[in-house]
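Chemist: Based on what follows, work out the 3D shape:
(2 chains)
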Amino acid sequence: EAQVTQNPRYLITVTGKKLTVTCSQNMNHEYMSWYRQDPGLGLRQIYYSMNVEVTDKGDVPEGYKVSRKEKRNFPLILESPSPNQTSLYFCASSFWGGNQPQHFGDGTRLSIL
Amino acid sequence: AQSVTQLGSHVSVSEGALVLLRCNYSSSVPPYLFWYVQYPNQGLQLLLKYTTGATLVKGINGFEAEFKKSETSFHLTKPSAHMSDAAEYFCALNNAGNMLTFGGGTRLMVKP
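Modeler: This is a model prediction of the structure:
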């Protein structure tokens, strides 16, 4: 089954404790992206990757890191999480091209205390 | 810079009534437009998309949307609402590579 898998689905942690949210896709997509969803703001892009070893900032990259060492994986790293990073996070992937729909994971709800 | 505005953060309709969710966009170049639906505790699923060609686009679950360039709109409609349509709906635009710009979302409530 074609899917984007995120882990964990839920995480409660404390300020400053490094965490990683994993994302994996099995559709051989070149493009992968991370979004955060906050009420009333829709989804905002954090980082994206056009292919292996190619990443770039989205609209809200501060406080986040990513890497793309393999085509299927695109982890999101919060090295020193803060309460304002409490949010719902989505990973997405697609083939390259503006007319290509993105496929989304089920989301990761992060609470930073 | 591009932007997407969804009018009405909450819309309530009765079962069997017309569903109309509004989306207006701003883009300096012809955009690709998408509607996604999000059910509780799930990711976003594609409902339909407009790329080029026919301006009336049909999607899954009986939804359709019409691209109106003169009005910079891409409103989503369904003739008859069903209880299972209750969800949050997002309009999104792409005019540069794969970067999507989302509207703020509209939560659709369906009353029995």
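Chemist: Counting by contacts, list what the lowest-mean-pLDDT helix or strand in chain B packs against.
Modeler: Least confident helix or strand, chain B: strand B:100-102 with a mean of 91, by mean pLDDT, DSSP states H and E. Applying 3 or more CB pairs under 8 Å, 6 or more residues apart in numbering or on different chains; DSSP states H and E, we find strand B:100-102 packed against strand A:42-51, strand B:3-7, strand B:87-94. From N, CA and C alone the C-beta is placed, and that goes for glycine too.
Chemist: How about residue A:11, nearest residue that isn't a chain neighbour?
Modeler: residue A:110 (5.3 Å; CB to CB, 6 or more residues apart in numbering or on different chains).
Chemist: what residues does stretch B:18-26 touch?
Modeler: If you take CB atoms under 8 Å, 6 or more residues apart in numbering or on different chains as the criterion, stretch B:18-26 is touched by B:1-8, B:11, B:13, B:31, B:33, B:35, B:63, B:65, B:71-81, B:85, B:89, B:91, B:93, B:103, B:106, B:108.
Chemist: Tabulate the CA atom coordinates of it in CSV.
Modeler: Extracted in CSV, the C-alpha atoms of stretch B:18-26 (Å, rounded to 0.1, in the frame of the first residue of the first chain):
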residue,chain,number,x,y,z
LEU,B,18,-25.9,22.1,-0.8
VAL,B,19,-22.3,22.4,0.4
LEU,B,20,-20.4,25.5,-0.7
LEU,B,21,-16.9,26.2,0.6
ARG,B,22,-15.2,29.3,-0.7
CYS,B,23,-11.7,29.7,-1.8
ASN,B,24,-10.0,32.8,-3.3
TYR,B,25,-6.4,33.0,-4.3
SER,B,26,-3.8,35.5,-5.3
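Chemist: From the chain's centroid, how far away is it?
Modeler: 6 Å (CA atoms, centre = their mean, to the nearest Å).
Chemist: Stretch B:84-93 too?
Modeler: Worked out by CA atoms, centre = their mean, stretch B:84-93 lies 6 Å from the chain centre.
Chemist: quick one, strands of chain A?
Modeler: A:4-7, A:10-13, A:19-25, A:31-38, A:42-51, A:54-57, A:65-66, A:76-78, A:87-94, A:103-104, A:108-112 (DSSP state E).
Chemist: May I see those strands organised as a markdown table, with mean pLDDT, mean neighbour count and distance to residue B:55 added?
Modeler: Formatted as a markdown table, those follow (pLDDT from 0 to 100; neighbours: other CB atoms under 10 Å in any protein chain shown; distance: least, CB to CB, whole Å):
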| stretch | mean pLDDT | mean neighbour count | distance to residue B:55 |
| --- | --- | --- | --- |
| strand A:4-7 | 97 | 18 | 30 |
| strand A:10-13 | 96 | 12 | 42 |
| strand A:19-25 | 98 | 19 | 32 |
| strand A:31-38 | 95 | 23 | 27 |
| strand A:42-51 | 93 | 21 | 24 |
| strand A:54-57 | 94 | 14 | 32 |
| strand A:65-66 | 97 | 18 | 37 |
| strand A:76-78 | 98 | 19 | 37 |
| strand A:87-94 | 96 | 24 | 23 |
| strand A:103-104 | 95 | 22 | 25 |
| strand A:108-112 | 97 | 18 | 37 |
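Chemist: now whatever helix or strand residue B:35 lives in against strand A:31-38, angle please.
Modeler: Assigned by DSSP states H and E, residue B:35 belongs to strand B:32-38. Using axes from the mean of the first three to the mean of the last three CA atoms, to 10 degrees, the direction of strand B:32-38 lies 60 degrees away from that of strand A:31-38.
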